[in-house]
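Peer 1: Please work out how this folds:
(2 chains)
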Amino acid sequence: MSTILIIDDEKNLLRLYENEFRLDGYSVITANSGSEALQKLKSSAVNLVILDIRMPELDGVETLKHIMELPSKPPIILNSAYTSYKDNFLTWAAAAYVVKSSDLTELKAKAKELLELQAQNY
Amino acid sequence: MNASSPAKIFSTGIPTLDELFESLRWGESVVFHGGDWSEFVPFVQRLGAALEEGSSPGCSFCFGESELPRLQGLGPFQQRVVLTAKDLSSAEQQLSNLVSSEIRATYLFSDLGTALPDEGDIVSLFQYFAQRIAETESGAYVFLQKGSLSNASIARIVDASFLFLDIWTMDRRVLFQPIRAAGRYAAGLFMPYELSDGKVAPASELDTETYTGELEKKSREFLRLYTEKRHLENELQRKVFELSLINGLTTSLLSTMNLEEILYRILVGVTAKEGLGFNRAFLLLVNEKKGVLEGKMAIGPSSLEEAIRIWTELSDRHLTYHDLLAAFDSGWPEHDAHVNRLVRQISVPLEDRSHVLIDLLMQTQPEVIGPGGTRSHTGSWKILDLLGVVRSAAAPLVYRKRQLGLLMADNLISHKPISEDDLHILETFANYASAAIEHSRLYEEVRLRMKESERHIIELEAMQNRLMRSKRLSDLGELASKMAHELRTPLVSIGGFANGLLKRHSPESADYEELKIIVDEVRRLEAIIRNVLAYVSPGLPRTQSTDLRELSDKVLRLMQSVLETRHIQVSTQYFSALPRVSVDPEQIQLVVTAIINNAMESMPDGGRLTVAIHNGQGFVRLSIADTGAGIRKEDLQKVFDAFFTTKSLGSGLGLNIASQIIANHKGSIYAESQVGIGSTFFINFPVGHFEEEDREHDSHHR
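Peer 2: Here you go, the predicted structure:
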C-alpha cells in the first residue's frame, strides 16, 4: 500500500485530503509544516508527497529543496492556491503542479499516475 | 518808394524766375505791374512750384485789386495787398475774400478817405476787417493812408485794431504810428510820429517818401518777426505734440502687445501733421526665418487730391494723438492700399550688403537718401523710383545691437526738404518702434512659452492621473488577487467535504440535492476566481494544442444569450484546413471574450458580428468584425493601451490584457476601423517553432 505524505498548514485541508486518499485506499501521513514533514520523512517510508507552497516558516519551495536532497527522493506534487509559482523555476523540480480546487479529480489522477509510474520503475 | 528800398520793382512786365530769384531774399517785397495776365499766371505757378520744392526764398507780392480773386489759391505766398475800395460794401467783400484765404499779408488801405467820404464807414470797415482777421490764423500789417480822417476817427480805428498799424497823411501834418500786436502796444520799433495840433513829437524833418520807405522796411521787419514767431509757435506746438505723441505711444505700448497695432500707431505719429508731418511712412522688418528685410506696413495718401482731402478734414480741429488714431482708424486703411502694395514689393536678402536698404539697416543713425543726403548710396534710385520720390528718410530700427528693421518716411506731396531736425525726431520714433517691436516679440515668446508650459502641465497632470489610476488599479488588482487566493483554500475545504459527503449519499437520499448545490456553487465560485485571477495577472500561457474553431465556438456558445438579447447576429467563417495552434486555451478564450465584449459595446442597438479564422503564411489569423461605431484613426493605436478606454474596468483592462496575452503567445494583435462602419480586430497566432518550445516548457509539469 502506497504511503502519501500530505503537507499543508491548513488543518481542514489536511483532514479533507486525508479522508479522501484513505477512502481511495492509500496510507496517509499528514504534516502541519515543512519541518514536521522533514521529520516524518526521516522516520517513515513515503511514496508520494503532496506539498502546499504558502506556509509559515519553511515554505513549500524550501521544503521541496530539502526533500530532493533526501536519498529516497519521493515524487512531489505541488498543490497551491497560486498559479504564479509555476513561473518559479525552483518548482520545476516537482513532478507536477496542481492548483487547489474543491474538485480533487485532477489531484487524485496525478497522484495515481505518479504512483503507478513509480511502481513500474521498481 | 525810393531807391534805397530793397523792394524791386518790375514795371515793364513779367520777370524770369532767375531774374526774380536774383533779387529775392527772404522777406523781400517784389512789386511788378503792367505785363500780360496770360504770362503772369504760368509765372506764378512756376514760382509756386519752386517755393514748394524749397529752391526759392519766400517773397511778398503786391497785387492790384483786379488780380486778387484770380490769384487765390495759385500759390502759398505771403501776399502784399493793395486795397483800393470804391465803397464800403465792395471793400467789405474784398476784405472778406482776402482774409478767408488765410494768408499773412501786408495790407495797404489806399485813399480810403476819397472812396468812403464818411469817416464812420471807414471806421466800421476797419472794425469789420480787424474782426475778420481776429477770427482766423492770419496775420496782417496794415498801412492806412489817411485822407481826411480826423484824429478822433483814427483813435477809434486804433482802438478797434489789434493789428500792426501805420497811419499817415500826405500833408505831413498827421503822422501816426501806433503799433499793436495781438491787442498790445509794441512801441519803439520805429519812431512814432504824432503831429496833431503840435501836441506830440514832431517829425517835420522827415519827408513822406522817406517815411513811407521806412514804414515799408518796418513792415517787412514786422512780418519777418511775426513769421518767426509763428514758426516758433508751430515748433513749440510740434514739440508739444511730439511729447504727447510719445506719451501716447508709451501708453499704447502698455495697453497693447499687438505688434501690428503698435507699428501702425508709430506710423500714424510719423505722418501726423502735428507730429513729424511726413507725408508717408513705410516700415520694413527683418524676417530672420527667410533671411530678408521685407516691407511690412505703410501709411500715406497715394495722390495729391487724396492728401488734400484728408488733411482738410483733419487740420481744422485741434487733434490729440488719440483723435488722430481714431481718425486714421476710421478712414485710413482704404487709402493705404496703394502704399501698402508698394512696400510689400520690397524684399531684400540680408546678405546683400551692397544693397542700399541693407546698408541703411546696418547704420546707427538715420539718413536721407537722394539729393541732400549725407552720403551717396549706390542703387538708391531703384528704391526711390519704386516709392516715387526724389528723397526719403530712413532710420534703422535697432534694439541692443540687433537689427529689427527700417523706418522710412518721405514727403511725396509737399516736397518739403527733410531737415536734420526731422531726422532727429524720426530717430526718436525709430527707437520707440524698436522697443515696441522687441517688447512685442518677447511678449509673444513668453506667451508661447507659457502656452507650452501649460501644455506640459496638462500632459503631466494627465500622466499623473494615469499613473495614479494605474497605481490604484494595480493596488486593486493586488487586493483582488490576494482575496481570490485567500478564498481558494476555504472553498477547497467546503467543496471537498461536500463532495465527499455527496459521494456517500445516494441520489435518492434527503440531503443529496442540497449537497450537490453546495458542490456546484463552490465550483462556480472557483471558476469566478480563476477568471478574476486571469484578468488581474494572466501569467505565462499554459499552452496546449488547440483547434481555434472549437475555442471560438465555445466562446460564442457561452455568450449566445447575451448576444441575442443585444440583437447581434453572429456568423462564422472558418477556413476548412486549419492547423492546430499551441495556445493557452483559457487565456485565448479570455482574449476572444474581451474583443467580443468590446464589439458588443460598440453596437448598443444591435448589429452583425463575424468571427473568421484563416490560414496565413506561418500563422493562423482569427478576426472579429463588428458593425459598430468604429474607432477614430488617432485612437486606433491606443485601444490596446492599458486604461485607454473610459468604459468599465473590465473592458478597459480587457483589450490591454488581451494584447499582453497575445504578446506572451508571441502572436500579434491589431485593429482596423472606419468610423460609422465598424471595426475589425485581427489576431495572428504563429505556427511552428512555438509548438516545440511549448512542449519543452510543458514537460516540466506533465
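
Peer 1: Most proximal residue of chain A with respect to chain B?
Peer 2: Closest residue of chain A to chain B, CB to the nearest CB: A:Ser102 (2.2 Å). Where C-beta positions appear, they are placed from N, C-alpha and C, glycine not excepted.

Peer 1: contacting residues for that residue?
Peer 2: With contact set as CB atoms under 8 Å, 6 or more residues apart in numbering or on different chains, A:Ser102 has these partners: B:Leu491, B:Val492, B:Ser493, B:Ile494, B:Gly495, B:Gly496, B:Ala498, B:Asn499, B:Val519, B:Val522, B:Arg523, B:Glu526.

Peer 1: between these, which is nearest chain A?
Peer 2: Nearest to chain A, judged by CB to the nearest CB, of the contacts of A:Ser102 is B:Gly495 at 2.2 Å.

Peer 1: just checking, the closest one touches B:Ile518?
Peer 2: Yes: the criterion here is CB atoms under 8 Å, and B:Gly495 meets it with B:Ile518 at 7.2 Å.

Peer 1: for chain B, what's the longest helix?
Peer 2: helix B:420-504 (DSSP state H).

Peer 1: Walk me through the domains of chain B.
Peer 2: Domain assignment for chain B by automatic domain parsing gives B:8-230, B:233-445, B:539-698.

Peer 1: any low-confidence regions in the stretch 201-350 of chain B?
Peer 2: Scanning the stretch 201-350 of chain B for pLDDT under 70 picks out the ranges B:201-224, B:226-227, B:230, B:238, B:241-242, B:245, B:248-250, B:252-257, B:272-276, B:302-336.

Peer 1: Whatever residue of it ends up closest to chain A: how many residues sit nearby?
Peer 2: Of all residues in the stretch 201-350 of chain B, B:Lys289 sits closest to chain A, at 57.6 Å by CB to the nearest CB. B:Lys289 has 6 neighbours, counted by other CB atoms under 10 Å in any protein chain shown.

Peer 1: how far away is it from A:Thr105?
Peer 2: Per CB to CB, to the nearest Å, B:Lys289 is found 77 Å from A:Thr105.

Peer 1: B:Arg524 now?
Peer 2: Taking CB to CB, one finds B:Arg524 at 17 Å from A:Thr105.

Peer 1: Which ones, among the contacts of A:Ser102, also lie beside chain A?
Peer 2: Residues of these in contact with chain A (CB under 8 Å from any CB of the partner chain): B:Leu491, B:Val492, B:Ser493, B:Ile494, B:Gly495, B:Gly496, B:Ala498, B:Asn499, B:Val519, B:Val522, B:Arg523, B:Glu526.

Peer 1: hmm, which of these are the buried ones?
Peer 2: The neighbour count (16 or more other CB atoms under 10 Å in any protein chain shown) marks B:Leu491, B:Val492, B:Ser493, B:Ile494, B:Gly495, B:Gly496, B:Ala498, B:Asn499, B:Val519, B:Val522, B:Arg523, B:Glu526 as buried among the ones next to chain A among the contacts of A:Ser102.

Peer 1: got JSON lines for these, with distance to B:Arg353 and pLDDT too?
Peer 2: Shown next, in JSON lines, are those (distance: CB to CB, whole Å; pLDDT from 0 to 100):
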{"residue": "B:Leu491", "distance to B:Arg353": "90", "pLDDT": "93"}
{"residue": "B:Val492", "distance to B:Arg353": "92", "pLDDT": "93"}
{"residue": "B:Ser493", "distance to B:Arg353": "95", "pLDDT": "93"}
{"residue": "B:Ile494", "distance to B:Arg353": "95", "pLDDT": "94"}
{"residue": "B:Gly495", "distance to B:Arg353": "94", "pLDDT": "93"}
{"residue": "B:Gly496", "distance to B:Arg353": "97", "pLDDT": "92"}
{"residue": "B:Ala498", "distance to B:Arg353": "99", "pLDDT": "93"}
{"residue": "B:Asn499", "distance to B:Arg353": "99", "pLDDT": "91"}
{"residue": "B:Val519", "distance to B:Arg353": "97", "pLDDT": "91"}
{"residue": "B:Val522", "distance to B:Arg353": "93", "pLDDT": "92"}
{"residue": "B:Arg523", "distance to B:Arg353": "91", "pLDDT": "88"}
{"residue": "B:Glu526", "distance to B:Arg353": "87", "pLDDT": "87"}
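
Peer 1: ok, which pair from the residues you listed is furthest apart?
Peer 2: B:Ser493 and B:Arg523 (13.9 Å; CB to CB).

Peer 1: show me where the stretch 251-400 of chain B has strands.
Peer 2: B:280-287, B:292-299, B:347-349, B:367-369, B:392-399 (DSSP state E, counting those that start in this stretch).

Peer 1: mind listing what's buried in the longest helix anywhere in chain A?
Peer 2: In chain A, with assignment by DSSP H, the single longest helix is helix A:105-121. Neighbour counts over helix A:105-121 (16+ other CB under 10 Å) mark A:Leu107, A:Lys108, A:Lys110, A:Ala111, A:Leu114, A:Leu115 as buried.

Peer 1: got it, and stretch B:358-370?
Peer 2: So for stretch B:358-370, counting by 16+ other CB under 10 Å, buried means B:Ile358, B:Asp359, B:Leu360, B:Leu361, B:Pro366, B:Glu367, B:Val368, B:Ile369, B:Gly370.

Peer 1: Mind listing residues that contact it?
Peer 2: Counting by CB under 8 Å, 6+ apart, B:286, B:293, B:348-350, B:352-353, B:356, B:373-375, B:377, B:380, B:383-384, B:389-396, B:398, B:403, B:405-406, B:418, B:423-424, B:426-427, B:430 sit against stretch B:358-370.

Peer 1: Please type out the PyMOL selection for whichever of those residues turn out to be buried.
Peer 2: Selecting only the buried entries of the contacts of stretch B:358-370 in PyMOL, with 16+ other CB under 10 Å as the criterion:
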select buried, chain B and resi 286+293+348+350+356+373+377+380+383+384+389+390+391+392+393+394+395+396+398+403+405+406+418+423+426+427+430
